[in-house]
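[1] Fold the following, please.
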Amino acid sequence: MTCLSARRASMFAGGILLALALTMFAHDVRAEDAPKPPSAAQSDPVANSVMQGFPPPADKIAGLRRFVTFDPKETLLKVSSTPTLALYGALDRNVDAADSATHLREYLRRAGNRDVTIKTYPDAGHQLVVSKSGYNGDPTPPERFVAQYPQIMITWLAARGFTPARAPPAR
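    Residues are numbered from 1 along each chain as shown. Purely as a prediction, here's the structure:
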């Protein structure tokens, strides 16, 4: 296994453990009833970092549950006049970019918002860094943001009078 594929496997194992932990919080599963991570995961640094502080203190569980189960629909249905720019990476492993963009556009349209710009970058993950896999921490060398980011934000803001238009710095 190459170093890169080992890192991907480690990130995948850590992601599974995090998903398990968050699902438990969302569905009120007690830590003592939860399945135990495989022994191989216990020696994995990514898995260990995910499992540190697991289960979380009782005073944190309610907040985590709200975070995991939050549905922005009701809030977005109230955003009737705020200009909105949403940037997505099509390879995002944290958010389903296509589904999220569809719902964002629908809810803002239903609220009466007519100034909605959605841009999806086909070769980027959640952090808008060029990537073949879409996983955070796995950029395509040389590590860089997708083309025209953050310039799209500057241009979009300037077009709405929020900031003066500026040319990007010379390279």
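
[2] alpha carbons only for contacts and neighbour counts from here, please
    OK.

[3] Touching, Asp115 and Ala86? I think so.
    No - with contact defined as C-alpha atoms under 8 Å, Asp115 does not reach Ala86; the gap is 11.2 Å.

[4] For this structure, which segments count as strands?
    84-89, 116-121 (DSSP state E).

[5] Output the below-cut-off pLDDT ranges for the protein.
    1-54, 165-171 (pLDDT under 70).

[6] neighbouring contacts of stretch 95-108?
    With C-alpha atoms under 8 Å, 6 or more residues apart in numbering as the test, stretch 95-108 has contacts from 73, 76-80, 86, 88-91, 114, 116, 118, 120, 126.

[7] Mind giving me the ChimeraX command for buried ones among the residues you listed?
    In ChimeraX, a selection of the buried entries from the contacts of stretch 95-108 looks like this (16 or more other C-alpha atoms under 10 Å):
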select :76,77,79,80,88,89,90,91,120,126
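
[8] Of the contacts of stretch 95-108, which is the nearest to Ile154?
    Ala86 (13.3 Å; C-alpha to C-alpha).
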